[in-house]
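Trainee: here is my input, please return the structure:
(4 chains)
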Amino acid sequence: MAKVTQLIHNYLRHSKRFPHVFCPGCGHGIVLGSLIRSVHSLGLAKDDVVLVAGIGCSGRIPVYVDFNSVHTTHGRALTFATGIKMANPRLTVIVIMGDGDALSIGGNHLIHAARRNIGLAALVLNNHIYGMTGGQSSCTTPLGSYSTTTPFGQLEEEFDISRVAKVCGSSFVARTTVMQARHMDKMISTAITHPGFGMVEIISPCHTQFGRKNRFKTSVDMYRWLQKKSVSLDKFQELPPEKRKDAVVTGIFEQKDCIGLEEKHARMRRELRGET
Amino acid sequence: MAAKSRKKRTTEIFALGNEAVVEGALLAGCTFYAGYPITPSTEIAEEMSARLPRLRGGVFIQMEDEIAGLGAVIGASLAGRKAMTATSGPGFSLMQEHIGYACITEVPLVLANVMRTGPSTGMPTSPAQGDVQQARWGTHGDHPIIVLSAGDVQECLHMTVTAFNFAEKYRTPVILLLDEVTAHTREKITLPDPDDTYVFSRLTPSMPPEWYLPYEDNMRGVSPMPPLGSGYRYHVTGLIHDDHGYPTSNPKEVEQLMQRLFRKIDQFFYDIQMVDEIMCEDAEICVIAYGCVARAAELAVQQARERGEKAGLLKLKTLFPFPRPAVEKMIRKCPTLIVPEMNMGQMSREIKRVNNGQSKIHTLNRVDGQIITPGQILSRILKG
Amino acid sequence: MKKDLRLDRFEIRLSGLGGQGILTLGRIMGQALALEHGYQVAQTQSYGPEARGGASRCDLVISSQRISYPKTISLDLLVALGQEACNKYFAHLKPEGFLLVDTFHVTQTPTNIFWGLPFTQMARKVGLVQTANIVALGALTHFLPFMHASAVRKSLREILPAKIMEINQKAFNAGLNRAKKEYQDAPEKWKFF
Amino acid sequence: MSGKKGETRVKIFRDWCKGCGICVAFCPSQVMKLDNQGKARVVQDDECINCGFCEIHCPDFAIMVHPREELTPFEAYIEEVRPATREDLQKTRNNSTG
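Mentor: I've put the predicted structure just below:
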């Protein structure tokens, strides 16, 4: 286990000031570490990795890490990533989005990227809230919980991000939490090596905005609660129905063989040019 | 082969304005198109979808909306491709956010906007010139931009090549304004010999990666741009950034960036300014027009000359940066200027601003979805 | 090929019902005149809902010099394959302009001075009613002294798919021959000689 | 991943630590504690069982678990360039004479 942090330090941008901007205890830092470990374990060169992010807390991640990094507009990270991947399929393109980013303003793009099955790894960091703008409700804010724009409790049902991705045709869908860093490493590296669209939903609770409004005093409280609630897919099947409602299920929901869109394009080109 | 006096490889084709845009784009080295179909620009997408996959590495992808279209184009351009998209009014409105992104991150791309009657859905198959000011100021914040217009089918081809050259040379989005008439007119055009066509491709850095500054403030104001994955790792962000590309809020660095963005266009103004002076040498009454209206104006000016009026036409090919010197020259020369436009006066406002009360400026506006006829312009000229 | 006649803005409107192949007709003619002959041609067309079912039109401006204004101003020739189109566009015709109609569809011509042939019936005889536009093209080749059959045949081959080439060539010949027979001196009536 | 007690040491980069308390709360053997500055501090070095939880769950990359005898790069550097002590001098003197 030793030297993990040392390894991560090798990937960070030394010209950037650390510690990073995330609140104390924010899971986004853990995700960044996990991402670096995954890329390292796959033996990818820094030059070949493009990190694309949207706007919001999650959008701040790429600036700290020494890959090719693109910080795009709100919700549109997947569209930029699509362009990059199609233009140069040799690159490993990893997209980092928040829940509002990916599902609210960028919902359309997520749906279509999943449908297209383009070879991107999409990490959706779900914190159930708009953190950077001060804690407004998002499309994943659980029913009944409070935020600055739902002072009397959320009335709308929440999105199940993994389910959305699955029904839209994504060929790899998994959910993990920041409290299971090793599981997260595995999920991220699988998503990266997966030929089609690989989406990993990462529950990374925001105690500063979400916790404060919903009776979680510290990040530790929040993580304890998360640890208690999260169950693996196998264990979930054994749970009695009344306990299933609240559980955060982790694991792989979908994994099927496929050909990425960029590969299909390459094949079509070869065929048209008669180079088979 | 080079030593032999080779026959010029020009071809004549009978093509739509939209198809000419595609020919121009391919000639300029475009290998990536992403977009969303919208009347009256669809032929560009259709033609691209048939042509690009036959090229080495050519990619055509139809995205879920215009926002995604321009997003993918920016991504592809970052990855080193010459990329373009095409749209029309409603799609152009959706794209504005990403135009701003391309301005601040200095990503070269070409956006063809085939103007149709607006606002909103308007009249999808009727021409207009209502997007002129949107092309200039559509995206928020101060930014420089290059806006070109094309009036006939041959010009569609040339202007597309020019648009790509400007985009690559100045690392900026270039907007090419067409109108429905030009886009949907089929004419005979000459495809120039690829060897005789001036094509500029972006400069890439040639220093060791550690020394590379992605947004360096050099003499040209444009720093070289490496494709993603070529060893020059840098940060691209829509936030105001320093010369390393990292977000900054230091007033000095913010000022430096903004000034440089404007300077890189301003100091090459005379390279970018393109106007045609037609019968202007001795003109006393001058028509200033662009796009398809300039063609009507050309006939009107000819007819006016036949009747003894000393009329001239200043045809604007570059709309922004506004060709102020060329317009000022005509203002000094002619006591009367006529600005026919298929909008309520978007360009005449610029001309009036430059005119500053020196000459009489008459506007001639038409917003009923019909093209301004030569007769209309002629009678305005004859009225004086 | 003979030397091209000198033309100064010759304007043609091809009109009819959506689905009669007006646009294809315009494209073949335009290409023949622009590429096979040396003319400048600007071909514009009506787009939108009216192109399906309602009146459809395709305009050609032909000139020996650069065409400044690409749309029609006043027509030298109006080809109407439908009654509605004939009524609608007749007013755009020059006083000395000519009208060519499909006498099968256009039963009430707005003037007595017109050329007429039953294109649709002829197309039926050829074997495919959809070739009415090509029959009209054949006739037009006779009526327009500056357009030569060889040029039109070439552009016909370039634009239409090979599958339907044979029947279309038959249709073209039918139109050309019938027009030659019935309106022998028509090409000499134009004023631009 | 867990090993035996006492084989590893925990190093905390205090400048990067934000004091979120994750390592303190989830450490199975209470190696760390938040001090009066609110930052994590190693209090029971010997109790570390090398589970590695703190290292991969520290959001700020401020914790390093490494083998006891091995120095961190920084320590190794300091070890190399630290001023000579009296004993060092003695040693070299002895070596040179003997």
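Trainee: around chain A, pick out the residues from chain D.
Mentor: D:1, D:8, D:15-22, D:24-26, D:50-52, D:55-67, D:70, D:72-73 (CB under 8 Å from any CB of the partner chain). Just so you know, the C-beta spots here come from the backbone N, C-alpha and C atoms, and that holds for glycine as well.
Trainee: filter those to the buried ones?
Mentor: Using 16 or more other CB atoms under 10 Å in any protein chain shown as the burial test, the residues of chain D next to chain A include D:8, D:16-22, D:24-26, D:50-52, D:55-66, D:72 as buried.
Trainee: now for the nearest residue to residue B:91 once chain neighbours are set aside: which residues touch it?
Mentor: Spatially, and ignoring its direct neighbours in sequence, residue B:91 is nearest to residue B:66 (3.7 Å; CB to CB, 6 or more residues apart in numbering or on different chains). Residue B:66 sits next to B:35-36, B:38, B:85, B:87, B:90-92, B:94-95 when contact means CB atoms under 8 Å, 6 or more residues apart in numbering or on different chains.
Trainee: from the chain's centroid, how far away is stretch B:113-124?
Mentor: Between the centre of stretch B:113-124 and the centre of its chain there are 18 Å (CA atoms, centre = their mean, to the nearest Å).
Trainee: distance between the ends of that stretch?
Mentor: 13 Å (CA to CA, to the nearest Å).
Trainee: same deal with stretch B:79-86?
Mentor: Taking CA to CA, the first and last residues of stretch B:79-86 lie 20 Å apart.
Trainee: which stretch of helix or strand covers residue 80?
Mentor: Using chain A here. Residue A:80 is part of helix A:77-87 when elements are defined by DSSP states H and E.
Trainee: wait, what's in contact with the nearest residue to residue C:74 once chain neighbours are set aside?
Mentor: In space, and not counting its chain neighbours, residue C:74 is closest to residue C:94: 4.7 Å by CB to CB, 6+ apart. Applying CB under 8 Å, 6+ apart to residue C:94 gives the contacts C:74-76.
Trainee: now with 10 Å?
Mentor: Shown in contact with residue C:94 (CB atoms under 10 Å, 6 or more residues apart in numbering or on different chains): C:11, C:73-78, C:191.
Trainee: how about low-confidence regions in the chain?
Mentor: The chain I'm using is chain A. A:1-2 (pLDDT under 70).
Trainee: that's the wrong chain, I wanted chain D
Mentor: Checking chain D against pLDDT under 70 turns up D:1-3, D:72-74, D:78, D:96-98.
Trainee: so in it, which helix runs the longest?
Mentor: helix D:86-97 (DSSP state H).
Trainee: how far out from the middle of the chain is that one?
Mentor: That offset, for helix D:86-97, works out to 30 Å (CA atoms, centre = their mean).
Trainee: same deal with stretch B:97-107?
Mentor: Worked out by CA atoms, centre = their mean, stretch B:97-107 lies 15 Å from the chain centre.
Trainee: what of stretch A:30-44?
Mentor: For stretch A:30-44, the distance to the chain centre is 13 Å (CA atoms, centre = their mean).
Trainee: list the buried ones in it?
Mentor: A:30-40, A:44.
Trainee: now, which of those residues sits nearest residue B:104?
Mentor: residue A:32 (24.9 Å; CB to CB).
Trainee: can you name the element that comes right after the helix holding residue A:80?
Mentor: Next along the chain after helix A:77-87, taking DSSP H and E as the criterion, comes strand A:92-98.
Trainee: near chain D at all, that next one?
Mentor: No: Strand A:92-98 is not in contact with chain D by CB under 10 Å from any CB of the partner chain; minimum separation 14.9 Å.
Trainee: does any bit of that strand sit next to chain B?
Mentor: Yes: counting by CB under 10 Å from any CB, chain B has neighbours in strand A:92-98: A:92-93.
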